[in-house]
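J.: Here you go, sequence then predicted model.
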Amino acid sequence: MAEITTDNNNRKGTRCKKNNPRVDMTPMVDLGFLLITFFMLSTTLMQPKTMDLIMPHNDGDPSPLKASNAMTLLLGDHNRIAWYEGLPDNPSVQYTSYGQRNGIGNIIRRKRAEILQRTGKNQLMVLIKADQHASYKNIVDIMDEMLINKVESYTLADMTAQEHTYLTNRPVAVNH
């Protein structure tokens with residue numbers, strides 16, 4: 001590690017030269033390159049996780065939506081999900097969870113298949129409405145379900161007071 005050079009010419013009456021201590025820096029350089037390699041590798045492996053979201057233009061009138069192709073999902077606190085099909089005039093509200101069996105994914109697949117069979121096109125439009133107590137994770141989970149089930153048209157919208165009562169009158173979901 002450290003190398004000391006000495007002068008072996010010891011003559012009487014002459015002064016000895018001072019030792020020149022020198023530190024070998026090779027291990028420090030190796031450590032530096034290892035650290036640089038580690039951090040470069042770890043930053044390239046950690047890619048950002050983003051989701052593409054296409055927003056409509058603000059110009060022009062919105063296109064009309066068929067009630068038979070519409071589905072509304074209401075997200076609340078404690079993993080509550082209420083959903084209904086069609087217009088919000090007099091909906092038949094049903095409740096589900098994020099579970100694998102009989103969860104929201106199965107409901108979306110069933111509705112999408114029904115529309116595909118009827119029209120031959122993927123025209124399902126999902127309105128996602130979350131109240132102020134819904135968790136960010138639940139919104140991301142629903143958007144993941146849209147991606148998994150190939151729902152091309154969905155939007156995030158504000159919840160009405162009537163829709164908010166659908167969530168508050170329902171017990172807490174058990175499984176997530």
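T.: Great, that's in hand.
J.: can you tell me the helix or strand for the residue nearest in space to the middle of the chain?
T.: Residue closest to the mean C-alpha point of the chain, counted by C-alpha atoms, centre = their mean, is Val140 at 5.7 Å. Element membership for Val140 (DSSP states H and E) is helix 136-148.
J.: immediately after that helix, which helix or strand?
T.: Downstream of helix 136-148, the next assigned helix or strand under DSSP H and E is strand 153-157.
J.: What backbone torsions are found at Val93?
T.: The phi/psi pair for Val93 (degrees, to the nearest 10) reads phi -80, psi 130.
J.: State the pLDDT value of Ala134.
T.: If you check Ala134, the pLDDT there is 89.
J.: what pairs with the nearest residue to it once chain neighbours are set aside across the strands?
T.: For Ala134, ignoring the flanking residues on the chain, the nearest one in space by C-beta to C-beta, 6 or more residues apart in numbering is Leu75 at 4.2 Å. Yep, even glycine has a C-beta here, placed from its N, CA and C like the rest. Beta bridges link Leu75 to Ile81, Ala130, judged by DSSP bridges.
J.: Let me know whether Ile81 touches Met71 as I believe.
T.: No: taking C-beta atoms under 8 Å as the definition, Ile81 is not a contact partner of Met71, at 11.8 Å.
J.: Looking at the two, which one has more neighbours?
T.: More crowded of Ile81 and Met71, by other C-beta atoms under 10 Å: Ile81, with 23 against 20.
J.: Report the rounded mean pLDDT for the longest helix along the chain.
T.: Ranked by residue count, the top helix of the chain under DSSP state H comes out as helix 26-45. For helix 26-45, mean pLDDT is 89.
J.: Tell me the secondary structure at Gln123.
T.: Three-state call for Gln123 (DSSP: H, G, I helix; E, B strand; the rest coil): coil.
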